[in-house]
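>>> coords below, sequence missing:
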């Protein structure tokens, strides 16, 4: 029996980005473990001369978070036909360090309980990748020209998914929040 359940396959087909390829790589990574919750996030980016598509899929199993990411690569002088690269990573739930959810809410003074945010960013960290943001350190004296080194922040950046109701619809934001809720609960038990 394939590990990719029908409701996840349905969402892959609705996303429309190589659904059979994505299902195949997920099937290997899931290794017949059942999927408790999932989030499928297709994204299109625009460079100066080309449109690039990719999809990120997060699948929660009883023991792991499986992350799949698929990118397309246009044909070029070295590669006469287009191709896609698909990467999966399986992270034990016990290794999750953080599940951060940023809610963007329009007109916060008018917010009512249960109203969905207009945008959600889900950042999941397990220590595999971190982002460093540096800036010059200062001492507070505007006349000081001494080198005070650098200061900055180190942020977990293993996987970040941003979902916007303006781009994907309110249902996509709700789906991201539902997945974040399930993942947060699983990380607390792990």
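Perfect, I can see it now. No experiment lies behind these values; they were computed from the predicted model shown.

>>> how close does the residue nearest in space to the middle of the chain get to residue 43?
In the chain, the centroid-proximal residue (C-alpha atoms, centre = their mean) is residue 161; its distance is 3.0 Å. Taking C-beta to C-beta, to the nearest Å as the measure, residue 161 falls 9 Å from residue 43. C-beta: built from backbone N, CA, C; applies to glycine.

>>> Could you name every residue contacting both of those two?
residue 56 (C-beta atoms under 8 Å, 6 or more residues apart in numbering).

>>> Okay, now the unreliable bits of the chain?
By pLDDT under 70, the weakly predicted segments of the chain are 1-2, 128-131, 153-157, 190.

>>> try 90
For the chain, the stretches with pLDDT under 90 are 1-3, 43-54, 72-84, 98, 114, 125-158, 188-190.

>>> show me where it has helices.
Shown for the chain, the helices assigned by DSSP state H span residues 6-15, 19-30, 165-168, 170-189.

>>> Select, out of those helices, the one closest to residue 96.
helix 170-189 (4.2 Å; C-beta to C-beta).

>>> relative to helix 6-15, how tilted is the closest one?
If you take axes from the mean of the first three to the mean of the last three C-alpha atoms, to 10 degrees, helix 170-189 sits at 140 degrees to helix 6-15.

>>> Show me where this protein has its strands.
Counting by DSSP state E, the chain has strands at residues 37-46, 51-60, 64-73, 83-92, 98-104, 119-125, 130-136, 150-156, 159-164.
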